[in-house]
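J.: Build me a model from this:
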Amino acid sequence: MRISSTAVMSVALSATLAKSAKAFGMGVSRTARRGIPLAMVSTATESTDAAPADAPSNPLLDQAGLPRFASIEPSHLTPAVTDLLAKLDADFASLEEKLSSSSSASASDFDDVLPAVERIQSPLGYVWGVAGHLNGVKNGDELREAYEKNQPGVVQAMTRFSQSRPLYDALKGIEASWEASSASESGDDDFYTNQKRRAVEGNLRSMTLGGVGLEGERKERFNEMRMRLAELSTKFGNNVLDATKAYGLTIEDPAEVEGVPASARAMWAQAYKMHAMSENPDGDDEPNVDAEKGPWRITLDGPSYVAVLSHLPNREYREKVYRAYLTRASEMGDEAKNNVPLINEILKIKNEMSAMLGFENYAEQSLAQKMAPSPQAVAELTDLIADRALPAAAKELEEITALARERGGDEYSEDNLEKLMPWDTTFWSERLKETKFDLTEEELRPYFALPAVLDGMFGLVRRIFDVEVVAADGEAEVWHPDVRFFNVKDASTGKRIASFYLDPFSRPADKRGGAWMDVCIGKSEACERDVPVAYLTCNGSPPVGDTPSLMTFREVETLFHEFGHGLQHMLTEASVGDVAGINGVEWDAVELPSQFMENWCYDKPTVYGFARHYETGEPLPEEMFEKLKEQKTYGAGMMACRQLYFGQLDMELHSSYDPEGDETIFDVQRRVAAKYVPYSMPLDEDRFLCSFGHIFGGGYAAGYYSYKWAEVMSADAFGAFEDAGLDDEDKVKEVGMKFRETVLSLGGGVEPMEVFKRFRGREPTPDALLRHNGLM
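T.: Next up, the predicted model:
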């Protein structure tokens, strides 16, 4: 599940036990995409508008429904965690005693073990899941303090589960009994039996990686490092957030923003207004701000930063903002927020922990729970794509450079500028795209108003998956007025099968960057919960005045991406909590549904389900749609190389890099860049790694490659619809239902390659990915 992150994912248990690691992970995500938090199971069943009369005074302990966000305060966290840790300790001690004293036959009964663990962990999981979510979307000093104060106790509790010898022996007994018997445990429900097998296998593997086999001083040292990793990862994310919101650049001269799209000017003017009001909270008068006349305030949150690099003509300002962004949370800023020593310590700890577990490096340990068999296999796929992408990227940059020299004036001449700098490339790439396709981002935005895009996206899933999404605002408490709530129903039966929150807009003051899906409530037979609930979080362009959120096309794709993650969580048919939804799905397969959904942003019936002018209601002109489709492969070479570079940089840092050697992390960055992005080498002062939250603040360590690995599968999956004929509605519906019944329904209950083969009839090939990217 970016799959984003409010904290750091634990190396402990997967499934039931890893769901508890919500303390250490975030959600499945996309751009800033922090780690996929496999949230713990809660006991919630139905949402309620108000707490019942006998509800606990601490809203975090009222778990009869959805979280009471309107009532929850940071001060509630410590007493709730304290009470629930005590109960968890007592309940688990009782379970361990039972497992230790049981006969072999009794101890090998699945229903006496993992379902019991789910129920024991559920109350604390509910509380810590809510805390982690709020830490990402409503961050503040008081919540941070409470979160960091309670994190060690939660980590210790989860460590106890992952290193419980009675629990491990019981699971080994279950596994042995299944191996000794050829009869199906449930008689005729093979999927149900397979869920249990996958749950047991996953937990045994995770307990092994969690140190269950360690003893004495080695175990003590291992647990100390685990605790420290959780602290470091949380601090890493906080430093990035603080550095991001600390920066601001004010522009007062309208000439400096000439040619900038009106939506960007309005966003910057709004940012200036909000900043001025926060600086003078007791002032009676709102500052006089005009989107056309200024002043404007540029920040480092995603929409603002991208708008600067894409549209601000002043090269000096672009450079300032770029350098500020690339040096966030580094030694070039506030030393107290410097992530360089944190990164080095994280890498040292991971190396030491992996060695204790018998691995050559952390990458091998990470891949022990993924589809990819080895770092070499990852490198082979990376290089296969790079062989096609690198020549395309070089050609793309040549075209961009030629346009800059032709239209940019003397400062872009070869005499004055040997090559384009990083703050030039995006700006001139946008100008080249406008020249090639005679279509600007600003021309498209009026056709992508968020309310209409939501209607179109919901229409798509009604059409291909037979599910209906219904607005249910007011049925659940929310943490911010912008947040919406929806119910998901099976269109054939009308039965409510899931719900989700949507938090769509950027809030740089207290919300982490990026986009992610996170688990609010997971499906679980053990906890008698059949209605999963998701959080979908984006950082899109907010409304300005009376104008609704007018999205960039990239923001539309991001929304579809996160909804894809949500669909896998919400449409699961798995009932064993350990493997329901995204739980138990190998990390390098979890991006399949999300990246699959992005393909529909170029499907004509889908696009015309939402692309209409927000003022006139007129549909997107046909010629604009054709140009939009033509743009799909624009810059695909450079984009592919960028992702391959990030993936291999991550893998190198976690495999061959020695944190105590002479080479620095930035030496590794330049070494990997020379192979995958030789046309755009990092500046000497580039500190991108200091904000690489995927791998240092989330769950993607030695796993960033998963985006490309899963994209091979997602492109091939969409190829099934292309093969059937996208203009044949009956065929599209037939293939869509098959996708729902396999990829979206089976969760982690079936091995991902088998899931893909059940849908596609064969293993995936990279042909569709290369074709979709114009690299064939």
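J.: use CA for all of it now, contacts and neighbours both
T.: Fine.
J.: which phi and psi does the nearest residue to Ala372 once chain neighbours are set aside have?
T.: In this structure, Ala372 finds its nearest non-sequential neighbour in Val378, 6.6 Å apart by CA to CA, 6 or more residues apart in numbering. Val378 adopts backbone torsions of phi -60, psi -50, taken as degrees, to the nearest 10.
J.: how close does Val378 get to Gly584?
T.: 21 Å (CA to CA, to the nearest Å).
J.: more neighbours, these two?
T.: Remark: of Val378 and Gly584, Gly584 carries more neighbours, 30 against 21, as counted by other CA atoms under 10 Å.
J.: in which helix or strand would I find that one?
T.: Using DSSP states H and E, Gly584 maps to neither a helix nor a strand.
J.: Can you verify my assumption that it contacts Gly747?
T.: Yes: using CA atoms under 8 Å, Gly584 is in contact with Gly747, at 7.3 Å.
J.: How many neighbouring residues does Ile665 have?
T.: 21.
J.: Pro56 too?
T.: Pro56: 12 neighbours (other CA under 10 Å).
J.: cool, Ser506 as well?
T.: By the measure other CA under 10 Å, the count of residues near Ser506 is 23.
J.: ok, it - contacts?
T.: Residues near Ser506 by CA atoms under 8 Å, 6 or more residues apart in numbering: 301-303, 513, 538-542.
J.: try Ala324
T.: So Ala324 contacts 247, 300 (CA under 8 Å, 6+ apart).
J.: Look up which helix or strand it falls in, please.
T.: Secondary-structure assignment from DSSP H and E places Ala324 in helix 315-326.
J.: Now tell me which helix or strand of the protein has the poorest mean pLDDT.
T.: Taking mean pLDDT, DSSP states H and E as the measure, the helix or strand of the chain with the lowest value is helix 15-19, at a mean of 35.
J.: Listing request: residues of the stretch 51-200 of the chain with sub-threshold pLDDT.
T.: 51-55, 102-108, 182-189 (pLDDT under 70).
J.: ditto for the chain
T.: Checking the chain against pLDDT under 70 turns up 1-55, 102-108, 182-189, 284.
J.: who touches Val750 in this structure?
T.: 191, 194-195, 198.
J.: What of Tyr362?
T.: 350-351, 354, 654-655, 702.
J.: Closest one of the contacts of Ser506 to Val257?
T.: Closest to Val257 out of the contacts of Ser506 is Pro303 (16.1 Å), distances taken as CA to CA.
J.: now what about the helix or strand encompassing the closest one, what contacts it?
T.: According to DSSP H and E, Pro303 maps onto helix 302-311. Applying CA under 8 Å, 6+ apart, the external contacts of helix 302-311 come out as 259-261, 264, 267-268, 298-299, 318, 321-322, 423-424, 426-428, 430, 506, 513-514, 539-541.
J.: Please produce a ChimeraX select command covering the buried subset of those residues.
T.: Per 16 or more other CA atoms under 10 Å, the buried members of those correspond to this ChimeraX selection:
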select :260,261,264,267,268,298,299,318,321,322,423,424,426,427,428,430,506,513,514,539,540,541
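J.: Where helices are concerned, which of the contacts of helix 302-311 count?
T.: 264, 267-268, 318, 321-322, 423-424, 426-428, 430 (DSSP state H).
J.: what would the residues you listed look like in TSV with distance to Ser206?
T.: Shown next, in TSV, are those (distance: CA to CA, whole Å):
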residue	distance to Ser206
Ala264	47
Met267	46
Trp268	47
Arg318	46
Val321	42
Tyr322	40
Trp423	43
Asp424	46
Thr426	42
Phe427	46
Trp428	48
Glu430	46
